[in-house]
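# Curious how this folds, go ahead:
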Amino acid sequence: MTALQTRPAARAAAGGHTASRTQRVLGKDWRLAAGFMAPTVVLVTLLILVPIALSAVLSTTERHGAETVFVGLDNYTSLVSDSLFHTGVINSFVFTAYAEIFKVTLGLIAALLLHHLRRGRAVVAGILLLPWVVPTVVTAFTWRSLFDPIFGSVNTLLTASGIGPMLAAVGLVPSWPAGWLSDATLAMSSVILVNVWKGIPFFAVCFLAGLKAIDNGLHEAAMVDGASPWQRFVHVTLPGLRHVIIVTTLLSSIWTFNNFDLIWLMTQGGPGDATAPYVLVAYSKAIQQLQFGAGAAVTLVMVPVIGVLVVILVRMMRTADGPGTSETRPSRLTRGQRKALPWIVVAACAAVLVWISPHIFWQTTVVLGVSVLLAAVVGRVASALGARGKRTASRLVTGTGSGVALAVLLVFTLGPLYWMVVTAFKSDLQIVQRSSDLWPTPWSTEQFVSLFTRPFGTWYLNTILVSAASTVIALICAALAGYALARLKFRGAQGFTVTVLLTYVMPGALLFIPLYQMLAAFGLIDTRWALVVTYPTFTLPFATWLLVGYFRSIPAELEESALVDGCSRFQAFYRIVLPLAKPGLLAVALFTLTNAWNEFLFAFVFITKDEYKTLPVGMQSMIFGDVVPQGQLAAASLLISIPVVLMYSFGQRFLTEGLTAGAVKG
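Numbering: from 1, shown residues only. Just a heads-up that it's a prediction; the model follows:
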């Protein structure tokens, strides 16, 4: 009897030893982590990793008539002499570099103005957020209408103010009136301007969150030591914003480098190939020329470039945030070399930009130079008055300068949106005759009535259903995976975090070809499910990454107390962590919903029937050749923007809080 009793004990001991050994290999929380991570792992694998592998295989093939044959590396070697590919790569780098320069600069200025604004900060911040909130299709068609040489108002206003001829006189534009989207020397600058207009709010919100996280005591100590405002900015503000600047620039660079919809909707890569990025080159080869292998090769060639950038920036973020890294890791560079290195990098980048885009470099230098000069003059005058004891005059000069800068920023932000609204309420006759250009006389609902003679209501319903469904899927999966990566101990957590970030940089052009083949195999082409299933490819990785940072900001002691009281890990997650993470969850929901609402490429490729089109693709189909129904497009743009603007107006506070704890501190 004793032997029978000891056998189960021995087996239990052996089982316990086996489990302990498994935990040592896979981590103590590996079983629980498997359950939390499973949905995200499945989606990332099926929708991103498998299509990438299929793209790699596809890039070694070539279509000969109805057959697809293996050609090895021929598609890659042919890119060496492909002038269109070279132009696309250069255009992508030019588009990204100049857009990021302006977005960082203007976003930081906007954040500083908001940070020091005592009254109406929430209202002004909400207004500045509008360009980022409105769908990309709205942005593209609104600015396209403004740049129109016949019906647009940009040339008219700049001519009336005398600014236009002055721009031509200093060489910023080749001639006046300017053909903003039809002139090869202006088209790229115009598209960059629109991307900057849309991107400034994201930078401003992120930088504002970072400014709030800086200890005010550092500024007070610097003031006591006699530091000037410029010295406090350089030695306190910028170091305090280092992390958020890196993160924000990383994300924006990824979005900008892989941009397709804005450029396609505005210029379709023209005139000629002046604005065609590498993504559009891949689309042209794969879809328009039906050379899927060549198109896949274009995107795969660029993936390592983006991947290296991501890895470098991730390491920089870890170095900046790691405890004691500066003390435990001695630098190989001297202090003077560390100070000189950023300037060397800036000089090298400037030299490259001068070489590949001299006219845009000149335009950028003049615009930024004038802005910096004006800011320096105002700052010097205010400092001189303060040094003489005239503090009231100094505050007046500073306040006036800040007010003027904020007013210019608001006009730049609201001008295109105002144009969209007034155009929506003009009749076709008013638009053609250019009567009452800036104010409809009389106001008319003709465009809205004409709009609903199209299947606009069906497009609207499709967009709501697809965006809501894909957001729910992304939010649930990201919450589970984000919590596991932030809290649970298991092997591969860090590697999967980096993988999530790397999958986020994959351009849609790399995925849509194999995804199309997969969807066709399951009979999902021309169905809403085609979009619901594929939209997590670009919403889930970012949502997971953002929530990892937010969950890490929640004190772990709260969960430990719940576990001591008898809660399971999932109960602690559901009852303790999720309620505390509402701002982060809402921020993620807003991000993912906006991205799904705006998505163009997948809907453009996977949907051809009118009854299943979403709003961006439906609006694009309203244009027939050179016939552009500007009034109906403006009315559609207004109706598309209202739901998203309302959501952001109610969730703005939670968005800022979610960014502060997630992207800024994560």
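
# ok, Pro177 touching Asn155?
Yes. Using CB atoms under 8 Å, Pro177 makes contact with Asn155 at a distance of 4.4 Å. In this view, the C-beta of every residue, glycine as well, is placed from N, C-alpha and C.

# Need the overlap of contacts for these two.
The contact sets of Pro177 and Asn155 overlap at 149, 164 (CB atoms under 8 Å, 6 or more residues apart in numbering).

# quick one: which of those two has more around it?
Applying other CB atoms under 10 Å to Pro177 and Asn155 shows that Asn155 carries more neighbours, namely 19 against 15.

# just checking, what packs against the helix or strand where the more buried one lies?
Per DSSP states H and E: Asn155 is located in helix 154-161. Using 3 or more CB pairs under 8 Å, 6 or more residues apart in numbering; DSSP states H and E, the elements in contact with helix 154-161 are helix 163-169.

# CA atoms only: put the helix it packs on into CSV for me.
Taking C-alpha atoms only, helix 163-169 is exported to CSV below (Å, rounded to 0.1, in the frame of the first residue of the first chain):
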residue,chain,number,x,y,z
ILE,A,163,3.1,87.6,-52.2
GLY,A,164,2.9,85.6,-55.4
PRO,A,165,5.0,87.9,-57.5
MET,A,166,7.4,88.3,-54.7
LEU,A,167,7.8,84.5,-54.5
ALA,A,168,8.6,84.5,-58.2
ALA,A,169,11.1,87.4,-57.8
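
# Identify the residues contacting it?
The contact list for helix 163-169, computed with CB under 8 Å, 6+ apart, reads 155, 158-159, 173-178.

# change it to 10 Å
For helix 163-169, contacts defined as CB atoms under 10 Å, 6 or more residues apart in numbering pick out 154-159, 172-178, 363, 366.

# quick check, nearest of those to Leu385?
Val366 (29.0 Å; CB to CB).

# is it true that the closest one touches Gly171?
Yes. Under the criterion of CB atoms under 10 Å, Val366 makes contact with Gly171 at 8.5 Å.

# Show me which of the two is the more surrounded one.
Counted by other CB under 10 Å, Val366 and Gly171 do not tie: Val366 has more neighbours, with 14 against 11.

# Am I right that the more buried one is in a helix?
Yes. Judged by DSSP: H, G, I helix; E, B strand; the rest coil, Val366 forms part of a helix.

# how about Ser228, what does it touch?
Counted by CB under 10 Å, 6+ apart, Ser228 has contacts 222, 234, 379, 383, 386-387.

# quick one on the thing from earlier: report the buried members of the contacts of helix 163-169.
By neighbour count, with 16 or more other CB atoms under 10 Å, the contacts of helix 163-169 hold 154-156, 158, 172-173, 178, 363 as buried.

# Between which two of these is the distance greatest?
Thr156 and Gln363 (21.2 Å).

# And Val69, which helix or strand is it part of?
strand 67-70.

# From the rest of the structure, what touches that strand?
57-58, 60-63, 292-293.

# Tell me the strands beside that strand, with direction?
The pairing partners recorded for strand 67-70 under DSSP bridges are strand 61-64 (antiparallel).

# Can you dump the C-alpha atoms of the strand it pairs with in CSV for me?
Output in CSV follows, covering the C-alpha atoms of strand 61-64 (Å, rounded to 0.1, in the frame of the first residue of the first chain):
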residue,chain,number,x,y,z
THR,A,61,9.0,35.0,-60.7
GLU,A,62,7.9,36.8,-63.9
ARG,A,63,4.7,36.6,-65.9
HIS,A,64,5.0,35.4,-69.4
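
# of the buried ones among the contacts of helix 163-169, closest to Leu524?
Closest to Leu524 out of these is Val154 (42.7 Å), distances taken as CB to CB.

# Leaving out chain neighbours, which residue sits closest to the closest one?
In this structure, Val154 finds its nearest non-sequential neighbour in Leu146, 5.0 Å apart by CB to CB, 6 or more residues apart in numbering.
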